[in-house]
Structure formats: structure tokens, C-alpha cells
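Student: Fold the following.
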Amino acid sequence: MRVRVYVDGFNLYYGGKRLAARHAGGRPPAWKWLDLRALESRIIEQRSMGRGAVVDHVTY
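Tutor: Next up is the predicted model:
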């Protein structure tokens, strides 16, 4: 199964900003250079339950 991923940049940015504000010491988490394809591949892999889903395309 091929999967296309659409990322809402607004929610990604402000969600990350909220995480950084809660992070101890006020330093942001180590995802300054976030690999969206790798992130989505891991999420799809966990949720596909062995159906062999792969990320075909990422739109940001």
C-alpha cells in the first residue's frame, strides 16, 4: 500500500513551539532539522499493522 502524506506546516511549527516551551531548561527538543519522510515512515509503519505500507509522497 502506498501512502501520501500532507503536513500542515502551521500546526507543525506551533506544536513544536509548544513542546519547546514545556521542555526542561527552556531549550527546544532536538528536531531542528526534522526529516518529515522518516518521521511519517515510522508512524505509518507502526500503524499499518504489517500491511506493507510505504510513504510514496510527502507534501509540506
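Student: what's the helix or strand for the residue nearest in space to the middle of the chain?
Tutor: Taking Cα atoms, centre = their mean as the criterion, residue 39 is the residue nearest the geometric centre of the chain, at 4.4 Å. For residue 39, the host element (DSSP states H and E) is helix 36-47.
Student: Distance check, the residue nearest to the centre of the chain against residue 8.
Tutor: Relative to residue 8, residue 39 is positioned 14 Å away (Cβ to Cβ, to the nearest Å). C-betas here are computed from N, CA, C, even on glycine.
Student: and if you look at residue 33?
Tutor: Computed as Cβ to Cβ, the residue 33 to residue 8 distance reads 19 Å.
Student: same thing with residue 17?
Tutor: With distances taken as Cβ to Cβ, residue 17 is found 14 Å from residue 8.
Student: Just the element for residue 17, please.
Tutor: Using DSSP H and E, residue 17 sits within helix 9-22.
Student: any idea which helix or strand of the chain has the worst average confidence?
Tutor: helix 9-22 (a mean of 82; mean pLDDT, DSSP states H and E).
Student: of residue 33 and residue 8, who's got more company?
Tutor: Relative neighbour count places residue 8 above the other of residue 33 and residue 8, with 10 against 5, counting by other Cβ atoms under 10 Å.
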